[in-house]
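A.B. asks: mind looking at a prediction? Sequence and model below.
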Amino acid sequence: MRHQILRHKQILYFIVAGGLSAIVEIGSFKILSVYLPRHFAGEYSFYGIKYPFSNIFSTGCGIITNYFLSIWFVFARGKYSKRREFAYFICISILSTVIGLILFQILYHLVFRDSIDMGLYTLSQEMMSKITSIVIVSLLNYSIKKKVIFNG
């Protein structure tokens with residue numbers, strides 16, 4: 001019973017840490033996707049890829065935030081040194097970033113065709129694609145990080 005409670009507590013902390021990291025990632029994506037195209041015209045469509053640099057930079061911000069929240073609140077230290085643990089975390093995060101970028105492009109081009117006007121805020125095609133890709137990649141990240149990095 002105690003193991004189940006601790007497991008649910010860890011999942012809850014992972015969701016909170018992921019939520020905070022997602023806020024950092026989505027917030028920085030929103031800022032970058034508005035201002036970066038003003039200074040770099042290729043940001044809107046870089047060889048057919050929409051918002052590549054905004055995606056990469058905002059994902060980097062989310063990864064760093066998630067790493068520190070994960071080691072402080074979610075997972076116990078694994079069997080690896082801090083340096084190796086961080087290297088594994090970054091490698092898995094880079095792979096997740098690539099998956100997230102691919103998902104973003106698929107969602108942007110094929111799934112979310114129109115914005116959703118919510119009155120006070122309009123959910124754009126970019127934001128819906130970003131949020132959905134974050135959720136999907138987060139599910140993958142939890143299981144991989146728990147099993148591989150933090151040996152849970």
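C.D. replies: In hand now; what should we look at?
A.B. asks: what residues sit buried inside stretch 52-72?
C.D. replies: Burial within stretch 52-72, assessed by neighbour count using 16 or more other CB atoms under 10 Å, is assigned to 52-55, 57-63, 65-67, 69-71. Heads up, the C-betas are built off the backbone N, CA and C, glycines and all.
A.B. asks: actually stretch 90-102, sorry about that
C.D. replies: Buried, per 16+ other CB under 10 Å, within stretch 90-102: 92, 93, 96, 97, 100, 101.
A.B. asks: can I get it in CSV, CA atoms only?
C.D. replies: Extracted in CSV, the C-alpha atoms of stretch 90-102 (Å, rounded to 0.1, in the frame of the first residue of the first chain):
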residue,chain,number,x,y,z
ILE,A,90,19.9,15.7,-22.1
CYS,A,91,20.2,12.9,-24.6
ILE,A,92,16.7,11.7,-23.9
SER,A,93,15.5,15.2,-24.0
ILE,A,94,17.1,15.9,-27.4
LEU,A,95,15.4,12.7,-28.7
SER,A,96,12.2,13.9,-27.2
THR,A,97,12.7,17.3,-28.8
VAL,A,98,13.1,15.8,-32.2
ILE,A,99,9.9,13.7,-31.6
GLY,A,100,8.1,16.9,-30.3
LEU,A,101,9.2,18.9,-33.4
ILE,A,102,7.9,16.2,-35.7
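A.B. asks: can you list contacts of that stretch?
C.D. replies: Around stretch 90-102, the neighbours that count as contacts under CB atoms under 8 Å, 6 or more residues apart in numbering are 49, 52, 55-56, 59-60, 63, 66-67, 133-134, 136-137, 140-141, 144-145, 148-149.
A.B. asks: flag the shaky bits of the protein, pLDDT-wise.
C.D. replies: Applying pLDDT under 70 to the chain picks out residues 1-7, 42, 45-49, 77-80, 151-152.
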